[in-house]
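Student: next come a sequence and a model predicted from it.
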Amino acid sequence: MDNLNTWWSHDSVSASITDDTTYVALQNGEAVGTLTVGQFEGEPVIWKIYVLPESHGHGIGTELMNTALDAFGRTQDLRIEFVRGNPSAQAFYERRGFRFDFEEKMAEGLATVWLRRPAGRVT
């Protein structure tokens, strides 16, 4: 729980807003999805991609991902991370060319899985 409290703290969210690039998907004027790209070890990384559950299956995540790939991932590697135990997220990322890079253990007994999509990959 400490990682989540740190990740979603006022300071972390404020830094993300000022330092990263965030895309918002709108449907009928309402926000239904978001994707945030920042930097990790000098490379672009997708920190967050969320779509409201009731909007799943309508291509919103794909459009957000394609926007990020067009902006950041066609000429350089692009990374993404997620908490182990989310097979639908993993499958979504792997269908878009992301492959296992490394895994790191978190304090709560969870693991963060890092994937990498090589530059120039066409999916």
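Tutor: Alright, I've got the coordinates.

Student: pLDDT below threshold where in this protein?
Tutor: Within the chain, the stretches with pLDDT under 70 are 1-17, 73, 121-123.

Student: can you pull out the helices in it?
Tutor: 2-7, 10-19, 60-68, 87-95 (DSSP state H).

Student: and whichever strand in the chain runs longest, what's buried?
Tutor: As assigned by DSSP state E, the longest strand anywhere in the chain is strand 30-40. For strand 30-40, the neighbour count (16 or more other C-beta atoms under 10 Å) marks 32-38 as buried. In this view, the C-beta of every residue, glycine as well, is placed from N, C-alpha and C.

Student: for the residues you listed, give me CSV that also has distance to R117.
Tutor: Formatted as CSV, the buried residues of strand 30-40 follow (distance: C-beta to C-beta, whole Å):
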residue, distance to R117
V32, 24
G33, 19
T34, 19
L35, 14
T36, 16
V37, 12
G38, 16
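
Student: list just the nearest of these to Y23.
Tutor: L35 (4.8 Å; C-beta to C-beta).

Student: and the residue nearest to G61 when sequence neighbours are not counted, how far is that from G33?
Tutor: Leaving aside its chain neighbours, G61 sits nearest to V51 (4.9 Å; criterion: C-beta to C-beta, 6 or more residues apart in numbering). Here the criterion is C-beta to C-beta, to the nearest Å. By it, V51 lies 4 Å from G33.

Student: joint contacts of these two?
Tutor: Residues touching both V51 and G33 (C-beta atoms under 8 Å, 6 or more residues apart in numbering) are 25, 60-61, 64.

Student: distance from the chain centre to stretch 54-67, please.
Tutor: On the basis of C-alpha atoms, centre = their mean, to the nearest Å, stretch 54-67 sits 12 Å off its chain's mean C-alpha point.

Student: circling back: and the furthest pair within the shared contacts of V51 and G33?
Tutor: A25 and G61 (8.5 Å).

Student: double-check T22 against A31; I have them as touching.
Tutor: No - judged on C-beta atoms under 8 Å, T22 makes no contact with A31 at a distance of 10.8 Å.
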